[in-house]
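> One predicted model, sequence on top.
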Amino acid sequence: MVQYFKTDNGKLTEMEGPASPGMWIKLTDPTSEEAKMVADAIGADLVDVLAAQDDDESSRIELQDGYTLILVDIPTKEIRQEETYYNTIPLGIILTQDLIVSVCSEDTQILTYFQTNPVREFSTKKKLRFLYQILLRASMQYQACLRVIDHRRNEIEERINKETKESDLIALHQLESNLVYFATSLGANKNVIDRLTRYKRLKQYPEDQELLDDVIVENNQAIEMTAIYHDIINGTRELMSTVIDNRLNNVMKILTSVTLVMAIPTIISGLYGMNVNGVGMPLADHPHGFGIICFLTTIVCIIIMWYLHKKNML
């Protein structure tokens, strides 16, 4: 899908094509025909326009004749095992002399935010500032996703003392995978942002420097949050594994103790059940021998249970 936007008097308006100076061209999962049309209109290589369509594209900056291609990774939601998790996808931004073009395989919230919410000093004509605002929104979106991940980890951790399921371990693994994706993408974005500060071709205005500083701070904060949450999830997973192992040990200890106690009447009944002469067998000829033997067996079992309980083995 191709959309054309332009700000007039601080208001963003969707326009009809073709492209004109000061416009923002938004490409969302474009077809080959749409991408070629935009590439011809801005004088860009079709491969560069479609670069963001490849999920394996790495974040980078490329300076071409007449335009600059900037690729960064942004967070996105995906469904795994009927649960919502996060991944990252490329977002391509092409800056020309008169236009800014965004290309993404999804209609991401980062871009729709500019369509539905007033943004201070936002203008499609100020291309570099718009780029910084997109990068700032991406960093803030990362932080929002990280808070959701940490909230889900807290929910799993609260269930450790009550009931731990295999699904919780799988969920922790999925959350950890999300953080690995985030850490890789944020690190690559950091390199892009650092290079933006050095490129002389992209003219820097003093009023935009503060915004760029905010982008650097927010991206670094997202990197730190990712590292912290990754360590916390590792600790939570180790705690959960320890709790599960401890519960299994307790179950095995109880079963062993019960087996030991039950072995006593089994041995006694087995001896008295042997097909031999009763001479020499205690209480074999006593009229109440069976009851006495059962009573004594019960007493011995109780003593052993008391001993195991005293030793904290039952």
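Thanks, I have it. Numbers count the residues shown, from 1 in each chain.
> any idea how far Met305 is from Thr298?
Applying CB to CB, to the nearest Å, the value for Thr298 to Met305 is 10 Å. C-betas here are computed from N, CA, C, even on glycine.
> of these two, who's got more company?
Met305 (16 against 12; other CB atoms under 10 Å).
> Where does that one sit: helix, strand or coil?
Using DSSP: H, G, I helix; E, B strand; the rest coil, the structure places Met305 in helix.
> The closest residue in space to it that isn't next to it in sequence - how many residues pack around it?
The shortest distance from Met305 to any non-neighbouring residue, by CB to CB, 6 or more residues apart in numbering, is to Val261 (5.7 Å). By other CB under 10 Å, the residues close to Val261 number 16.
> same question, the one 4 residues further on
Here the neighbour count serves as a burial measure; for Pro265 (other CB under 10 Å) it reads 15.
> Okay, helices next: where are they in the stretch 201-314 of the chain?
Applying DSSP state H, counting those that start in this stretch to the stretch 201-314 of the chain gives helices spanning 206-272, 289-310.
> In JSON lines, list those helices along with mean pLDDT and distance to Leu172.
Compiled in JSON lines, the helices of the stretch 201-314 of the chain are given as follows (pLDDT from 0 to 100; distance: least, CB to CB, whole Å):
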{"stretch": "helix 206-272", "mean pLDDT": "83", "distance to Leu172": "5"}
{"stretch": "helix 289-310", "mean pLDDT": "80", "distance to Leu172": "36"}
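> With distance to Tyr4 as new columns, can those helices be given to me in JSON lines?
Shown next, in JSON lines, are these (distance: least, CB to CB, whole Å):
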{"stretch": "helix 206-272", "distance to Tyr4": "24"}
{"stretch": "helix 289-310", "distance to Tyr4": "79"}
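> Of the ones you listed, which is nearest Thr197?
helix 206-272 (6.6 Å; CB to CB).
> Report the beta-bridge partners for Ile94.
On the basis of DSSP bridges, Ile94 is bridged to Leu69, Val101.
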